[in-house]
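1. Could you look at this predicted model? Sequence included:
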Amino acid sequence: MKGKLIVFEGTDGSGKATQAKLLCRRLEQEGLAYREIDFPRYGKPSAAMVEEYLRGGLGKKAGDVNAYAASVFYAVDRYASYRQDWGDFYEGGGLVVADRYTTSNAVHQASKLPDGEREAYLNWLFDLEYGRMGLPKPDLVVYLDMPTEITERMMRRRESDTGTHADIHEQDTAYLRRCRANAGEVARLCGWTVVHCADGDAPRTVEDIHGEVWQRVREVL
């Protein structure tokens, strides 16, 4: 008996980690068992090429590494995670909450391609991970749509507060804008659940967003 897989997706700084944790807290309150996963798995051998890519070791801009090559880096990490960490739990009927998944390649890597090539890429991506690698398809993808202007402010504040350094995705505002534009189209094509996280120029509160997310999650539990 296969389980349920709920994925949070969005551009960098859109609040995926926050909303994933709020959902997990709600599941605990409801007495529901779950596993929480997130990608990439920094520090794991399977994520080594992802880290090399994001730190700029293969090119200083995201576009220096083509969509297909970068996608394989991430896919390998997901496959290892499934085999090592959560596959048995899922296959036994467990509920899994993911901060990013295959869907992140659809958001970030497809944005590197011209309009006429994106559909072929998506078909290749989903066949690679869900078909040939045997990774489970999500039961629900919650796409957190946050304007790039807001996410950029939030990321710069996070860097200042934590002393961290932005990766090559997070440094490139033009790239982040392309990702958001691409994600809107991918969300429509793939039937993702879109949650709008801002009211004009102001972000909604995390509690308000969580309330909407929980309503959508309850429909698939």
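-> Okay, I see it. Just so it is clear, the model here is predicted, and its values are computed rather than measured. Residues are numbered from 1 along each chain as shown.

2. Give me the distance between the two termini of stretch 1-14.
-> 33 Å (C-alpha to C-alpha, to the nearest Å).

3. Then stretch 73-87?
-> End-to-end distance (C-alpha to C-alpha), stretch 73-87: 19 Å.

4. again with stretch 89-101
-> 17 Å.

5. again with stretch 135-147
-> Start-to-end, stretch 135-147 (C-alpha to C-alpha) is 31 Å.

6. and it, how far from the chain's centre?
-> Its chain's C-alpha centre and that of stretch 135-147 lie 7 Å apart, by C-alpha atoms, centre = their mean, to the nearest Å.

7. Same check on stretch 185-194?
-> 13 Å.

8. just use 58 as the starting number from now, easier for me
-> In the new count, where the first residue is 58, that last one comes out as stretch 242-251.

9. Show residues contacting it.
-> By C-beta atoms under 8 Å, 6 or more residues apart in numbering, the residues outside stretch 242-251 that reach it are 66, 160, 163-164, 167, 175-176, 179, 197-200, 202, 241, 273. Any C-beta I mention is one placed from the backbone N, CA and C, and that applies to glycine too.

10. May I see the buried residues of it?
-> For stretch 242-251, burial by neighbour count (16 or more other C-beta atoms under 10 Å) applies to Val243, Ala244, Trp249, Thr250, Val251.

11. Dump these to JSON lines, plus secondary structure, distance to Val133 and pLDDT.
-> Output for these, formatted as JSON lines (DSSP: H, G, I helix; E, B strand; the rest coil; distance: C-beta to C-beta, whole Å; pLDDT from 0 to 100):
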{"residue": "Val243", "secondary structure": "helix", "distance to Val133": "22", "pLDDT": "94"}
{"residue": "Ala244", "secondary structure": "helix", "distance to Val133": "25", "pLDDT": "94"}
{"residue": "Trp249", "secondary structure": "coil", "distance to Val133": "24", "pLDDT": "97"}
{"residue": "Thr250", "secondary structure": "strand", "distance to Val133": "28", "pLDDT": "97"}
{"residue": "Val251", "secondary structure": "strand", "distance to Val133": "29", "pLDDT": "97"}
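
12. With distance to Arg112 added, can I get these in TSV?
-> Below are the buried residues of stretch 242-251 laid out as TSV (distance: C-beta to C-beta, whole Å):
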residue	distance to Arg112
Val243	26
Ala244	29
Trp249	29
Thr250	32
Val251	31
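
13. Spit out the contact partners of the most centrally placed residue in the chain.
-> For the chain, Arg157 is the residue whose C-alpha lies nearest the centre (C-alpha atoms, centre = their mean; 2.5 Å). Going by C-beta under 8 Å, 6+ apart, Arg157 touches Val64, Phe65, Glu66, Lys73, Asp95, Phe96, Pro97.

14. Out of those, list just those in strands.
-> Val64, Phe65, Glu66, Asp95 (DSSP state E).

15. Pull the number of nearby residues for the residue lying closest to the third one once chain neighbours are set aside.
-> Pointing back at Glu66 there. Distance criterion C-beta to C-beta, 6 or more residues apart in numbering; nearest residue to Glu66, sequence neighbours excluded, is Thr160 at 4.5 Å. Here the number of neighbours of Thr160 (other C-beta atoms under 10 Å) works out to 25.

16. Return the residues in contact with Glu176.
-> Leu246.
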